[in-house]
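S.K.: Structure for the following, please:
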Amino acid sequence: MTANINLVSPENENKPAMSGKAMLFLSIGLVVLTLAVYGAISFMGKNYSDKKASLESDIQVEKAKMSSPNYAALADFQDRIYLLGKIVDDHAYWDKYLKELSKYVLPEIRFSELSGGEKEDVFSIKGIASNFETLSRGIMLLQKFPGISSVEFKGASEKTDVNGSQSGIEFELTATADGKYLQGNSAEAR
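M.R.: Below you'll find the predicted structure:
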């Protein structure tokens, strides 16, 4: 038996599409591309974190301003103006009466609701006082107003803010207007 060994390469044999040098350059190119993508992502991440830190510091500065006494006084003043406008719009008949009544209201007390009618002598007042002592002084001062013949205290409760700390005393009372005082105001208004 004889073995036939063919040492010549066949012509149909698959030759590699790239040589060793081409594969080396391709590998280096892919590594450079990967490093460029990683660098771009790192740069954008650092830029984002810097902007985020800057934005968070700006937010903290604004929160500090909001918790300052000046902002609280400004917000309180703005709230008082809004409530006063609401009360005067809702109760135009009482305009002069309210102006006189405001001289007998302490600055630490804010009225949030005033209800009653033109023909009624009894009206209801709801509001917020800074503390119970201020509320009691405010009620005594209201009793001295010549346009009110009697004041009846209905109730009070502590109001808490979002943080759970006390932000004031909500109260409700009923006052009976002096009919003569109201008639004098309505005659002057006409």
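S.K.: quick one: low-confidence ranges for the protein?
M.R.: Counting by pLDDT under 70, the chain shows low-confidence ranges at 1-2, 4-17, 87-94, 117-120, 161-166, 182-190.
S.K.: Residue for residue, what is the longest helix it has?
M.R.: Secondary structure assigned by DSSP state H gives helix 20-66 as the longest helix of the chain.
S.K.: After that one, which helix or strand is next?
M.R.: For helix 20-66, the succeeding helix or strand toward the C-terminus, using DSSP states H and E, is helix 69-90.
S.K.: elements contacting that next one?
M.R.: helix 95-102, strand 109-115 (3 or more Cβ pairs under 8 Å, 6 or more residues apart in numbering; DSSP states H and E). In this view, the C-beta of every residue, glycine as well, is placed from N, C-alpha and C.
S.K.: okay, those in TSV with distance to Tyr181 and mean neighbour count next?
M.R.: Below are the helices and strands packed on helix 69-90 laid out as TSV (distance: least, Cβ to Cβ, whole Å; neighbours: other Cβ atoms under 10 Å):
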stretch	distance to Tyr181	mean neighbour count
helix 95-102	7	16
strand 109-115	16	17
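S.K.: Let's have these in CSV, adding distance to Gly138.
M.R.: Converted to CSV, those look like this (distance: least, Cβ to Cβ, whole Å):
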stretch, distance to Gly138
helix 95-102, 12
strand 109-115, 5
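S.K.: Out of those, which is closest to Ile59?
M.R.: strand 109-115 (29.0 Å; Cβ to Cβ).
S.K.: List the neighbouring strands of the closest one plus their orientation.
M.R.: Strand 109-115 pairs in its sheet with strand 122-129 (antiparallel), by DSSP bridges.
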